[in-house]
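Q: This is the structure alone, sequence omitted:
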């Protein structure tokens with residue numbers, strides 16, 4: 001699988017269903033962001049970049065809690081992008097681009113790549129993304145990426161099928177494909193990309209789903 005395989009799925013997946021998935025995943029109350037705030041002074045950051053902003057769950061959290069820095073979000077799906085522009089375009093900087101198109105012109109203090117974001121990329125794509133993030137992250141910056149543990153079964157995710165590190169969701173005949181690296185693999189890739197400080201933070205969502213948050217620093 002590769003990231004582009006899921007493009008059609010998102011074009012057929014209503015925002016309302018995406019919201020429901022966040023509720024069943026136990027992430028609608030943003031326990032992941034609460035975890036991040038317990039680890040760093042997130043709201044003291046000058047700039048935050050969210051990768052794959054979806055329906056605006058993270059943006060809404062940041063604005064509701066009165067984050068005063070600059071929020072930049074990227075979202076390539078035209079349906080989600082239009083929704084974000086309508087709801088939050090007055091308060092954040094939005095870019096309708098693929099994450100692989102990020103350039104060195106943008107530098108940020110914090111990168112947030114949450115929920116299932118990193119699971120939508122294969123091993124080689126994840127390695128490439130880590131190199132991109134290394135280039136745009138400020139020296140004292142921090143990245144947060146999270147996923148389910150690689151050996152999760154269907155009871156610990158929204159997936160319809162799980163086969164080792166690979167899983168899928170089927171919606172109206174469209175298929176969403178996911179890949180989850182082992183902790184050892186991901187830490188090795190992060191080190192190879194030039195990061196020296198990687199911390200794994202296990203946490204549990206409000207619906208008792210087990211997840212892993214990677215905190216990555218230079």
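A: It's in. Values in this document were obtained by computation on a predicted structure and should not be read as measured data. Residues are numbered from 1 along each chain as shown.

Q: same for the lowest-mean-pLDDT helix or strand in the chain, what does it pack against?
A: For the chain, using mean pLDDT, DSSP states H and E, the weakest element among its helices and strands is helix 7-12, scoring a mean of 86. The contact analysis (3 or more Cβ pairs under 8 Å, 6 or more residues apart in numbering; DSSP states H and E) places helix 7-12 against helix 78-88, strand 166-171, strand 174-179. Any C-beta I mention is one placed from the backbone N, CA and C, and that applies to glycine too.

Q: a markdown table for these, including mean neighbour count?
A: Below are the helices and strands packed on helix 7-12 laid out as a markdown table (neighbours: other Cβ atoms under 10 Å):
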| stretch | mean neighbour count |
| --- | --- |
| helix 78-88 | 16 |
| strand 166-171 | 17 |
| strand 174-179 | 19 |
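
Q: Tell me which of these approaches residue 136 most closely.
A: helix 78-88 (20.2 Å; Cβ to Cβ).

Q: who does that closest one touch, helix- and strand-wise?
A: helix 7-12, helix 15-24, helix 57-64, strand 93-95.

Q: how about 7 Å then?
A: strand 93-95 (3 or more Cβ pairs under 7 Å, 6 or more residues apart in numbering; DSSP states H and E).

Q: so after the longest strand along the chain, what's the next helix or strand?
A: Longest strand in the chain, counting residues (DSSP state E): strand 137-147. Downstream of strand 137-147, the next assigned helix or strand under DSSP states H and E is strand 161-163.
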